[in-house]
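[1] no letters, just coordinates:
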């Protein structure tokens with residue numbers, strides 16, 4: 001994985017172009033600590049910072065075609081990602097006469113584009129975001145993978161388009177300003193939703209998953225080469241046995257592809273169904289014996305035998321023993337977890353204050369520790385979104401709600417949603433018309449579907465929720481995972497995001513998803529022989545939080561310090577009672593979440609305001 005950045009100005013870059021490109025590149029150096037490069041011409045500056053995973057000795061970027069002198073380049077590529085079918089494509093391109101200089105997948109992407117143009121992306125299997133500049137045609141192409149695993153931001157104004165893997169890189173360009181207007185604030189106070197193509201910073205957008213953006217003298221044009229709605233709108237497939245066999249085969253093929261790397265590789269193993277399945281398949285591959293796995297734990301967890309981290313520890317160890325994995329339990333100290341440095345680093349990694357307390361800081365610290373042992377990790381994320389694993393696919397209150405179901409889900413996500421909104425100044429909420437904004441966005445989301453009219457109401461609603469989760473909830477999780485892992489230079493691969501798996505499972509009926517009366521029943525049946533029974537049949541368990549009361553005490557101390565000297569803008573966002581000393585403290589736990597969650601939100605915003613000094617255009 002890597003970081004890409006740069007810009008095109010069709011009227012000419014100016015004399016300081018290389019310095020600006022270097023500054024943009026440096027802003028996301030954490031994404032690629034192994035090398036960097038900048039290429040410039042009259043109209044384009046293309047930059048890259050590299051994390052070496054495939055062909056460590058070669059594959060430097062930006063990569064040029066034809067290779068050699070930069071003045072003769074026709075195409076310039078800055079690429080972030082992994083192309084899992086690069087070997088097959090390499091063989092096909094070689095048969096057409098292309099002569100490769102490296103064994104990197106980057107060169108395959110470039111050669112494929114030269115051979116097939118924008119149609120090449122339809123042949124790709126992987127996670128990627130890349131910028132390709134056609135020097136002769138003066139055209140920039142921005143491309144993002146099917147599910148949007150890899151981020152790609154841009155700012156367009158007139159003859160200029162600025163792009164970067166992360167918003168901080170785009171904001172480093174002198175013509176892009178750190179402003180958050182009403183639309184941005186709506187997004188910030190609704191952190192459980194990631195609105196397609198939108199970003200809270202004014203003027204910054206995101207290339208959609210499965211989208212190709214073309215920028216030239218004709219302006220900006222976008223096309224979708226892949227859209228999950230195409231498969232949701234099709235007929236329901238209810239062949240359970242056939243689905244089990246096909247899913248099993250796809251999972252084995254996908255994990256086999258994603259365990260190819262020239263650097264140390266491991267898995268995240270929580271002891272849940274999804275991560276255990278990925279680890280078990282990886283462990284059965286040739287040479288996969290003794291696969292390395294990691295899970296997160298917390299100090300004082302032993303005193304809370306029923307905590308989520310204690311349960312994860314038990315199941316992860318059982319799964320690891322059964323699989324034969326070399327498992328490590330990463331125990332995080334509450335003092336470090338609650339520290340201001342980690343919070344600042346988390347906010348900086350995400351570019352936003354949208355974190356969820358120790359759910360984010362613990363992931364950042366876990367990735368830091370894993371990076372000491374491996375460069376690539378496989379994760380079980382995404383299975384719940386594509387197979388209906390969350391409670392909000394089943395709880396009547398959520399299913400029947402005329403809104404995004406997870407914010408109506410009372411015990412978990414809905415609880416967080418209400419706590420965030422409850423902390424915001426009521427006058428600001430009214431000015432932002434948040435409820436109206438939610439209603440309009442919900443109607444827009446469902447309006448993009450064209451479901452089979454013969455579907456039963458129960459099946460129709462299941463597909464609607466799948467669509468909402470994949471397009472508004474999943475992107476938030478993928479962004480969180482990418483940012484917090486890449487902040488440590490750790491590449492996280494997500495086998496369940498293979499577009500072939502998604503195309504299969506979203507076509508399946510609700511009863512197949514829930515085969516045997518179990519959520520994700522089809523997945524349990526597909527991997528049944530790989531796992532011990534109690535791991536295979538374990539019910540969904542959310543990502544753990546620390547049970548240590550010392551964590552809450554330390555947050556109270558930080559909050560008191562912030563409220564004694566709040567940064568500019570904090571009082572514009574939060575309700576006066578939330579900013580009153582002692583109003584949002586307390587060490588009790590509720591639903592596995594710290595009760596002073598409002599305090600977590602305030603601390604995140606304070607960190608963001610200090611680090612980014614955004615102009616709040618209210």
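    Here it is on my side, so go on. What you see is a predicted model; the values in this text were computed from it and never measured.

[2] what's the spacing between the residue nearest the centre of the chain and residue 434?
    Centroid check for the chain by CA atoms, centre = their mean gives residue 478 as the closest residue, at 1.7 Å. In this view, residue 478 and residue 434 are 24 Å apart by CB to CB, to the nearest Å. (Each C-beta comes from the backbone N, C-alpha and C, glycine too.)

[3] likewise for residue 168?
    For residue 168, the distance to residue 434 (CB to CB) stands at 26 Å.

[4] out of these two, which sits in the busier spot?
    A direct count of neighbours by other CB atoms under 10 Å for residue 168 and residue 434 places residue 168 higher, at 21 against 17.

[5] is it true that the more buried one touches residue 26?
    No: with contact defined as CB atoms under 8 Å, residue 168 and residue 26 do not form a contacting pair (10.2 Å).

[6] where in this protein is pLDDT low?
    For the chain, applying pLDDT under 70 flags the ranges 1, 53-56, 58-59, 67-72, 288, 301-307, 410-412, 581-596.

[7] on contacts alone, who are the packing partners of the lengthiest helix in the chain?
    Using DSSP state H to define each element, the chain has its longest helix at helix 240-258. If you count contacts as 3 or more CB pairs under 8 Å, 6 or more residues apart in numbering; DSSP states H and E, helix 240-258 packs onto helix 273-284, helix 499-505, helix 510-513, helix 521-526.

[8] and it, what's buried?
    Burial within helix 240-258, assessed by neighbour count using 16 or more other CB atoms under 10 Å, is assigned to 240, 243-244, 246-248, 250-258.

[9] pull up the pairing partners for the next helix-or-strand element following that helix, direction included.
    Downstream of helix 240-258, the first helix or strand assigned by DSSP states H and E is strand 265-268. Partners of strand 265-268 in the sheet, by DSSP bridges, are strand 292-298 (parallel), strand 376-378 (parallel).

[10] which residues are contacting strand 265-268?
    If you take CB atoms under 8 Å, 6 or more residues apart in numbering as the criterion, strand 265-268 is touched by 259, 275, 278-279, 282, 291-295, 325, 366, 370, 373-380, 492.

[11] which of those residues are buried?
    Buried among these (16+ other CB under 10 Å): 259, 275, 278-279, 282, 291-295, 325, 366, 370, 374-380, 492.

[12] which residue is the nearest non-sequential neighbour of residue 604?
    Nearest non-adjacent residue to residue 604, counting by CB to CB, 6 or more residues apart in numbering: residue 353, 4.0 Å away.

[13] for that neighbour, grab phi and psi.
    Per-residue torsions, residue 353: phi -90, psi 20 (degrees, to the nearest 10).

[14] before we move on, back to that, among the strands paired with strand 265-268, which comes closest to residue 159?
    Taking CB to CB, strand 376-378 is the member of those nearest to residue 159, at 39.4 Å.

[15] residues in contact with the longest helix of the chain?
    For helix 240-258, contacts defined as CB under 8 Å, 6+ apart pick out 82, 84-85, 125, 237, 277-278, 281-282, 285, 378, 493, 495, 498, 500-501, 504-505, 508, 511-512, 515, 522-523, 525-527.

[16] in stretch 604-611, what's buried?
    Quick answer for stretch 604-611 (16+ other CB under 10 Å): 604, 605, 606, 607, 608, 609, 610.

[17] list just the nearest of those to residue 360.
    Looking across the buried residues of stretch 604-611 and measuring by CB to CB, the closest to residue 360 is residue 604, at 8.6 Å.

[18] tell me the contacts of that closest one?
    343, 347, 353, 354, 355.

[19] what does residue 311 give?
    When contacts are counted by CB under 8 Å, 6+ apart, residue 311 touches 271, 541.

[20] in which helix or strand does it reside?
    Assigned by DSSP H and E, residue 311 falls in helix 308-323.

[21] please apply the same query to residue 230.
    helix 229-232.

[22] against residue 41, how distant is residue 517?
    Distance, residue 517 to residue 41, by CB to CB: 61 Å.

[23] what about these two, which has more around it?
    Neighbour tally, residue 517 and residue 41, criterion other CB under 10 Å: the higher count belongs to residue 41, 17 against 7.

[24] ramachandran angles for that one?
    Per degrees, to the nearest 10, the backbone of residue 41 is at phi -140, psi -170.

[25] if I've got this straight, residue 78 is in a strand?
    Yes: counting by DSSP: H, G, I helix; E, B strand; the rest coil, one finds residue 78 located in a strand.

[26] what about it, distance to residue 49?
    From residue 78 across to residue 49, the span is 9 Å (CB to CB).

[27] about what we covered before: please identify the deepest-packed of the helices and strands packed on helix 240-258.
    The highest average neighbour count among the helices and strands packed on helix 240-258, using mean count of other CB atoms under 10 Å, belongs to helix 273-284 at a mean of 26.

[28] ok, residues contacting that helix?
    Residues contacting helix 273-284 (CB under 8 Å, 6+ apart): 251-252, 255-256, 259, 267-270, 288-291, 293, 315, 319-320, 322-325, 378-381, 383-384, 389, 495-496, 520, 523-524, 527, 530-531, 535-536, 538, 540.

[29] quick one, it and strand 292-298 angle?
    In terms of direction (axes from the mean of the first three to the mean of the last three CA atoms, to 10 degrees), helix 273-284 departs from strand 292-298 by 150 degrees.

[30] helix, strand or coil for residue 402?
    coil.

[31] using the record's assignment, carve the chain into domains.
    Following automatic domain parsing, one finds the domains of the chain at 2-226, 235-400+457-536.

[32] possible to save those domains as TSV with distance to residue 413?
    Formatted as TSV, these follow (distance: least, CB to CB, whole Å):
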stretch	distance to residue 413
domain 2-226	6
domain 235-400+457-536	7
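
[33] of all those, which lies closest to residue 562?
    Within these, the stretch nearest residue 562 is domain 235-400+457-536; the backing value is 9.5 Å (CB to CB).

[34] quick one: end-to-end distance for that closest one.
    End-to-end distance for domain 235-400+457-536: 29 Å, by CA to CA, to the nearest Å.

[35] if you count contacts, what does the helix holding residue 230 end up packed against?
    Secondary elements touching helix 229-232 (3+ CB pairs under 8 Å, 6+ apart): helix 457-468.

[36] do that again at 10 Å, thanks
    helix 457-468, helix 499-505 (3 or more CB pairs under 10 Å, 6 or more residues apart in numbering; DSSP states H and E).

[37] just the residues contacting it, thanks.
    The contact list for helix 229-232 (CB atoms under 10 Å, 6 or more residues apart in numbering) reads 210, 224, 448-452, 463-464, 466-467, 470-471, 499, 502-507.

[38] try 8 Å this time
    By CB under 8 Å, 6+ apart, the surrounding residues in contact with helix 229-232 are 448, 449, 450, 451, 463, 466, 467, 502, 503, 506, 507.

[39] next up, the contacts around the fifth one.
    Read it as residue 463. Residue 463 makes contact with 232, 449, 451, 455, 506, according to CB under 8 Å, 6+ apart.

[40] then the first one?
    Residues counted as contacts of residue 448 (CB under 8 Å, 6+ apart) are 229, 467.

[41] how close does it sit to residue 463?
    12 Å.

[42] the fourth one now?
    Distance from residue 451 to residue 463, counting by CB to CB: 6 Å.

[43] ranges for the helices of the stretch 51-200 of the chain?
    86-95, 105-116, 167-171, 182-188 (DSSP state H, counting those that start in this stretch).

[44] burial-wise, tell me which of those helices comes out on top.
    Across the helices of the stretch 51-200 of the chain, the average number of neighbours (mean count of other CB under 10 Å) peaks for helix 167-171, which reaches a mean of 24.

[45] appreciated, that's everything.
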